[in-house]
Structures are given as structure tokens and as C-alpha cells.
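Participant: this one's structure only:
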């Protein structure tokens, strides 16, 4: 309130300065309305990104060395989640973060008193957006760059980043950034957003799907054999047509990405993932959003068991019905399937036929088991 009064007085003084005999009254109501709008925007952003939106993130960095991190992570599990954007990784993160023995990297730090993350209702954060070790490939910059034609024409950002040059997208263990110093730098940045007393620490960034071998290497750098740390990967995918339409909906206010480009991006992400899976240790897991949503009790219990945390029916029930504080829709593709199938019925079928004839064989090659022909509409 004091800041508002001071600001208003400064405006009044500035407007009367040119003629001291005549004071110009700056309208109070529009001034307060403007302040209210700005405050609402800032509050929304604060709720989403936390105080680090206004302060350099490095201010919150820890200063542990690589060897100290090896000790901190001893006998813990570091879980890295990836998959296509708009593919369900956020709801997966929420189901994991709600477990009392798991801490997900959120947009705000965990409570200092050690309160459960579920009680705090923390929002999912993505490590790729706050680190500065490897390229974000334009992820998270779409709104800022929507008027930049050069950015729009480059294979960067949501829906097309995987189509960039392979050496810049598909990072592997041979990358020069794989050093103990960079490992410590990453973890020192993430530490502020984790509760490291938990047995499982989760970092969710969809592009982890195209750089899993790089991440496995960097987090293993300098580790002693038998220190007990397990680095695991969990990937989630979704029906390609639903995924493409979901991208279109979220990108509508930024820039237009052709439907074929969205499909190409989806295919390329899964090609890289398919190539990398045999190189990942500790039994990497790939699940479908559709399976997860249709039977969350079974899927969540299976994931908990795989992670080595309490997977009893009681804890799964408590997470899904209470701690998660969000219901999982049993058919997350329904509105996208309806949109796609109505378009087939009302428009020239030639374009839809060209999409299905080109991409169904590619989807089949990936062995994902998805039908993008008219069978999806039945």
C-alpha cells in the first residue's frame, strides 16, 4: 500500500512540475487499475515460477563439489522423466511428487520444515528451463520469440526442436559437457528445488527423451563403483495425432507449426529414444499416457515398485485420491480424437489420407502400437 501511495504522489508531482501554479490531477482510478493489472500478472507468474522469476537463479545455487554430491546422492535414486511435450509427463510428475518418499523438482523450493510436497501443492518445474549447461533448443522461449521470423523458421521450440541438427539435439555420452564440474553445477542449481532427504529425486523435462545418454553420463561422472546411486529413466508417450493437436492448441497464440512438422518432430523424438534405450541402465521404462490414465492405480503402483518405494494399495490410493490433489482423466485424448474425426467427416479427406498414409508406417516402425487411421475414430 505504501508503494502505491508513493507512486501516486510522484506522478502528481511530475505532472505539476511544469507549472507550479496549476496542479494536474492524475486520475486515481485508472492508476490503481493499472497497478492492479500489473500486480495480478506478476502474482500469477510468481505462483507459477516462484521468487526466482525476479532474482537470478544462481543466487539460490548450492556450492557442493562433485565429490560432496556423490556422498549426498549415495543410496538414492535419481529419476529423469522425458517424452514428447504435451504427452502427459506433468501429470506423471504429480503422481510421483505426491509420494511421501519422493521429491520432484518444482517451481518453488520444498518447505524448510520438511512438509510433504503434496501438502504444499507445488507446481511441476522443468530442469532444462533453469540450467545453463546444455541448450534449451528454444524451449520456453516461444512467447518471447513469436514476432521473430528467424526463430519461427528455425527448428527450435515446442513442436520442432527435435528436427534440428542431430549433434545439437541428440546429446550422448561423448559430449564435451560431460564433466564432474558440470554435474555439480547442475545439481547445485536443482538442489534449491528438491528435498534431498527423500529417497527418490525427480527431474522432469520432456527433452530428456533425446539426451538420456548424455544425462546418464554426466550424473555418473566421477562416481565410485558401489556408491548406491541409481539413475533411472521413465518416458511417457501419447497418441501422435492427439499429441500434435495438443501442440497446435498451446501454440496457437505464438506461431504456427505445420501439422506435418509436429508429426515429424514426434517421430524424431521417438527415433532417438528408440536408439538410446538399449544404452540406458537400471531398466528404463516407457509407458503410454492412455494406459496410465485408464488404470492409474495399477500404473502408479508399478512405477513405485520399480523405484523401490512403498507401492502398497493403501499408499497408491492415498496418493491418487488425496495427496495428488488432482484427478486423472480416464480418456485424455477424447477432445482431440473428436476434433480430428469431425474434421475427417466434414473436410476433404485427401489431406487426412496423406497424413495417415505417410505416418502410419513410421509409427509402426517405432513399435508404439498406435493407430492413426480411421480406426482411431471408431
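Facilitator: Sure, I can see it. Note that the structure is a prediction, hence the values are computed from the model and not measured.

Participant: switch to C-alpha atoms for all contacts and neighbour counts from now on
Facilitator: Noted.

Participant: hey, where'd the strands end up in the stretch 101-250 of the chain?
Facilitator: Under the criterion DSSP state E, counting those that start in this stretch, the stretch 101-250 of the chain contains strands at 102-104, 200-204, 230-237.

Participant: quick one: strands adjacent to the longest one?
Facilitator: Applying DSSP bridges to the sheet, strand 230-237 is found paired with strand 77-82 (parallel), strand 285-288 (parallel).

Participant: winner for burial among those?
Facilitator: Of all the strands paired with strand 230-237, strand 77-82 has the most neighbours on average by mean count of other CA atoms under 10 Å, namely a mean of 23.

Participant: Residues in contact with that one: which ones?
Facilitator: For strand 77-82, the external contacting residues (CA atoms under 8 Å, 6 or more residues apart in numbering) are 89, 93, 199-209, 229-236, 307.

Participant: Got a PyMOL select line for the buried ones in those residues?
Facilitator: Selecting only the buried entries of the contacts of strand 77-82 in PyMOL, with 16 or more other CA atoms under 10 Å as the criterion:
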select buried, resi 89+93+199+200+201+202+203+204+205+206+207+208+209+229+230+231+232+233+234+235+236+307
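
Participant: circling back to that earlier point, now render the strands paired with strand 230-237 as JSON lines, adding mean pLDDT and distance to residue 303.
Facilitator: Shown next, in JSON lines, are those (pLDDT from 0 to 100; distance: least, CA to CA, whole Å):
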{"stretch": "strand 77-82", "mean pLDDT": "98", "distance to residue 303": "11"}
{"stretch": "strand 285-288", "mean pLDDT": "98", "distance to residue 303": "9"}
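
Participant: just to revisit the earlier point, can I get the strands of the stretch 101-250 of the chain in a markdown table including mean pLDDT and distance to residue 35?
Facilitator: Shown next, in a markdown table, are those (pLDDT from 0 to 100; distance: least, CA to CA, whole Å):
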| stretch | mean pLDDT | distance to residue 35 |
| --- | --- | --- |
| strand 102-104 | 95 | 35 |
| strand 200-204 | 98 | 35 |
| strand 230-237 | 97 | 42 |
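
Participant: Which residue ranges of the stretch 251-378 of the chain form helices?
Facilitator: For the stretch 251-378 of the chain, applying DSSP state H, counting those that start in this stretch gives helices covering 259-276, 289-294, 296-307, 313-318, 334-346, 349-365.

Participant: per-stretch mean pLDDT over those, give me the minimum one.
Facilitator: Here those differ in mean pLDDT, and the lowest is helix 334-346 at a mean of 86.

Participant: what's that helix packed up against?
Facilitator: Helix 334-346 is packed against helix 240-251, with contacts defined by 3 or more CA pairs under 8 Å, 6 or more residues apart in numbering; DSSP states H and E.

Participant: The helix it packs on: which residues count as buried?
Facilitator: So for helix 240-251, counting by 16+ other CA under 10 Å, buried means 240-248, 251.

Participant: same question, stretch 265-275
Facilitator: For stretch 265-275, using 16+ other CA under 10 Å, the buried residues are 265-273.

Participant: which phi and psi does residue 73 have?
Facilitator: Backbone torsions for residue 73, taken as degrees, to the nearest 10, come to phi -90, psi 0.

Participant: ok, the nearest residue to it once chain neighbours are set aside - contacts?
Facilitator: Spatial nearest neighbour of residue 73, chain neighbours left out: residue 229 (6.1 Å); criterion: CA to CA, 6 or more residues apart in numbering. Residue 229 makes contact with 73-78, according to CA under 8 Å, 6+ apart.

Participant: just curious, which of the residues you listed is nearest to residue 343?
Facilitator: residue 78 (43.3 Å; CA to CA).

Participant: How much space separates that closest one from residue 111?
Facilitator: Residue 78 sits 20 Å away from residue 111, going by CA to CA, to the nearest Å.

Participant: Same question for residue 278.
Facilitator: 38 Å.

Participant: and what of residue 205?
Facilitator: According to CA to CA, residue 205 stands 23 Å off from residue 111.

Participant: Likewise for residue 250?
Facilitator: From residue 250 over to residue 111 the distance is 32 Å, taken as CA to CA.

Participant: that older thread, indicate which one of the strands paired with strand 230-237 is closest to residue 192.
Facilitator: Taking CA to CA, strand 77-82 is the member of these nearest to residue 192, at 15.5 Å.

Participant: next one: phi and psi at the residue nearest to residue 73?
Facilitator: Main-chain dihedrals, residue 229, degrees, to the nearest 10: phi -70, psi 130.

Participant: mind checking pLDDT for it?
Facilitator: For residue 229, the pLDDT comes out at 90.

Participant: With residue 312 instead?
Facilitator: The score at residue 312 is 98. That number is its pLDDT.

Participant: How many residues are close by the residue lying closest to it once chain neighbours are set aside?
Facilitator: Closest residue in space to residue 312, ignoring its immediate chain neighbours: residue 301 at 7.2 Å, by CA to CA, 6+ apart. Residues lying near residue 301 (other CA atoms under 10 Å) number 19.
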